[in-house]
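Student: Structural data only, the sequence is not supplied:
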Ligand SMILES: O=P(O)(O)OC[C@H]1O[C@](O)(CO)[C@@H](O)[C@@H]1O
């Protein structure tokens, strides 16, 4: 698929298609045969759009209009604070982290302030491990730190627990000025964070009601952290908008990138490929794989279809990193069960290059490396892995980014969100809820003694009576 105007993203799906070495690949007719289903999917998505369930695309323009306000606030706090800490989990943490890692210096926090444009260090605390939490608090000066509490629901136990600890520390350390150290990103009308923010006077940004956590990176959830750390969020939004336009305007599975990616995923899933491996070949995209895993898993892993029938669908996402995981996982992908489909994400032009020195005094077997660059080696390894998979008749495809920049990352995020939405329709499920997570949440409330969950607590205690343990 060629570039569309300014577009920097390409999809190479040769490795999914039938060829001399991959007889089990798809034929063009199979893809085209999905068109009626994809057209129905588009109609269903349009209905969702009308109903406010597809706001990750519907609200893009209005979010883009908020960019100046976000940048203004970000620039003000960037000069005032040394550290910007995101407290959140799932979609409220993975997006900010993924975009930061993709676009900023890999060792951003370790850079001296002048090389960070005098912008704060960024920490994203996406867990409640007490060791990590305490160790972070040990290195931060609360007086020089701004905490961004992000929770769509405003109710998530992990985030609320982090918030309560931080608020307590700030009240002790910063006295009456503690509200200046907290910025809250949450729903406009619901949740427990909102009333606290209103009463205590925290700066507030809104996550639109119709955008679920895993679809929320291109809202203040991700935009604020990115802007604070110097990322050009205007370009990020422009990239997203251009992809959105491409997807709305292009007709047919061979022209529409979201239909193509979802169509290929659906065909492979029908053929028993229950595992989707997402394998970027750039360290900057490592956490993008984490973000994608949540998007794909929580959206598509469902017990019931839209008619309420038990279906147990979904494709298990696996995160991998090229070339690192060539030396740990690729053996399985080439020779293990043929139940996987791989997506490589490659970057054509790295922003840095490194030449490998030539030393003719060293063993001849390593001479081939001398004078070549690290990126040449990485490209060669990626291509060789594709070839090995093809020889083994294993299906793979590639998303190619011309470079790692804001525009391309905006495009990538939106493409992956859209393909998930299409895949949800093809699987005939609701891609926007996560009922399977609720039981665990309720169980946690019960075990932690939340009011109203007393019965659940008794149930869990009863269930825990029979145990099989070694070495007790
Ligand atoms: O942003 P919230 O509401 O705190 O939710 C955090 C995460 O928890 C979930 O609701 C359940 O895992 C995710 O969908 C979400 O991204």
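Tutor: On my side now, so go ahead. Predicted model, so just to flag it, every value in this text is computed and none were measured. Residues are numbered from 1 along each chain as shown.

Student: Every contact and neighbour count from this point should use C-alpha atoms.
Tutor: Will do.

Student: Can you pull out the low-pLDDT segments for the protein?
Tutor: For the chain, applying pLDDT under 70 flags the ranges 1-7.

Student: Okay, and residue 169 sits in which element?
Tutor: helix 157-174 (DSSP states H and E).

Student: where's that helix relative to the chain centroid, distance-wise?
Tutor: Relative to its chain's centre, helix 157-174 lies at 26 Å (CA atoms, centre = their mean, to the nearest Å).

Student: Also stretch 189-197?
Tutor: On CA atoms, centre = their mean, the centre of stretch 189-197 falls 25 Å from the chain's centre.

Student: would residue 196 count as being in a strand?
Tutor: No: counting by DSSP: H, G, I helix; E, B strand; the rest coil, residue 196 is not part of a strand but helix.

Student: count of residues packed around it?
Tutor: For residue 196, the count of nearby residues is 12 (other CA atoms under 10 Å).

Student: Would you mind measuring from it to the ligand?
Tutor: 15 Å (CA to the nearest ligand atom, to the nearest Å).

Student: next one: residue 157
Tutor: 8 Å.

Student: mind listing the helices for the stretch 301-450 of the chain?
Tutor: For the stretch 301-450 of the chain, applying DSSP state H, counting those that start in this stretch gives helices covering 330-335, 374-391, 406-426, 435-447.

Student: Tell me which of these sits most buried.
Tutor: helix 406-426 (a mean of 24; mean count of other CA atoms under 10 Å).

Student: How far off centre is that helix?
Tutor: The answer for helix 406-426 is 10 Å, by CA atoms, centre = their mean.

Student: How about the residues of the stretch 151-300 of the chain by the ligand?
Tutor: 151, 152, 153, 154, 156, 213, 214 (CA under 6 Å from any ligand atom).

Student: related to what we said a few turns ago, would you tell me which of the helices of the stretch 301-450 of the chain gets closest to the ligand?
Tutor: helix 435-447 (5.7 Å; CA to the nearest ligand atom).

Student: Which strands and helices lie in contact with the closest one?
Tutor: In terms of contacts (3 or more CA pairs under 8 Å, 6 or more residues apart in numbering; DSSP states H and E), helix 435-447 is packed against helix 454-463.

Student: tilt between the helix it packs on and helix 435-447?
Tutor: 90 degrees (axes from the mean of the first three to the mean of the last three CA atoms, to 10 degrees).

Student: ok, which stretches of the protein are strands?
Tutor: Assignment of strands within the chain using DSSP state E yields the ranges 9-12, 83-87, 121-125, 145-151, 182-186, 203-206, 275-280, 302-304, 310-313, 316-319, 340-349, 396-403.

Student: Put together CSV for the ones you listed, with distance to residue 42 and mean neighbour count on each row.
Tutor: As requested, the strands of the chain are exported to CSV (distance: least, CA to CA, whole Å; neighbours: other CA atoms under 10 Å):
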stretch, distance to residue 42, mean neighbour count
strand 9-12, 20, 20
strand 83-87, 36, 24
strand 121-125, 36, 20
strand 145-151, 30, 26
strand 182-186, 30, 25
strand 203-206, 28, 18
strand 275-280, 23, 23
strand 302-304, 20, 18
strand 310-313, 20, 14
strand 316-319, 24, 19
strand 340-349, 23, 21
strand 396-403, 22, 20
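
Student: Format those as CSV; extra columns: distance to residue 326.
Tutor: Listed next are these as CSV, based on distance: least, CA to CA, whole Å:
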stretch, distance to residue 326
strand 9-12, 20
strand 83-87, 32
strand 121-125, 28
strand 145-151, 35
strand 182-186, 39
strand 203-206, 41
strand 275-280, 10
strand 302-304, 31
strand 310-313, 29
strand 316-319, 12
strand 340-349, 12
strand 396-403, 14
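
Student: Contacts only, for whatever residue of the stretch 201-350 of the chain ends up closest to the ligand.
Tutor: Nearest residue of the stretch 201-350 of the chain to the ligand, counting by CA to the nearest ligand atom: residue 213, 4.0 Å away. By CA atoms under 8 Å, 6 or more residues apart in numbering, residue 213 lies in contact with 90, 91, 92, 152.

Student: on that earlier part again, reformat the helices of the stretch 301-450 of the chain as TSV; add distance to the ligand.
Tutor: Supplementary listing: those in TSV, determined by distance: least, CA to the nearest ligand atom, whole Å:
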stretch	distance to the ligand
helix 330-335	28
helix 374-391	32
helix 406-426	14
helix 435-447	6
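
Student: now those helices in JSON lines, with distance to residue 472?
Tutor: Below are those laid out as JSON lines (distance: least, CA to CA, whole Å):
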{"stretch": "helix 330-335", "distance to residue 472": "35"}
{"stretch": "helix 374-391", "distance to residue 472": "46"}
{"stretch": "helix 406-426", "distance to residue 472": "45"}
{"stretch": "helix 435-447", "distance to residue 472": "23"}
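
Student: Indicate which one of those is closest to residue 72.
Tutor: Evaluated over these, closeness to residue 72 peaks at helix 406-426, with 18.7 Å, by CA to CA.

Student: now the closest one against strand 396-403, angle please.
Tutor: 150 degrees.

Student: Just list what helix 406-426 packs against, helices and strands only.
Tutor: strand 9-12, helix 35-50, helix 91-103, helix 233-249, helix 257-270, helix 286-300.

Student: Identify each buried residue in the fourth one, please.
Tutor: Buried residues in helix 233-249, defined by neighbour count with 16 or more other CA atoms under 10 Å: 233-244, 246-247.

Student: contacting residues around that helix?
Tutor: In contact with helix 233-249 (CA under 8 Å, 6+ apart) are residues 4, 7, 57, 60-61, 64, 67, 218, 223, 226-227, 256-258, 406-415.
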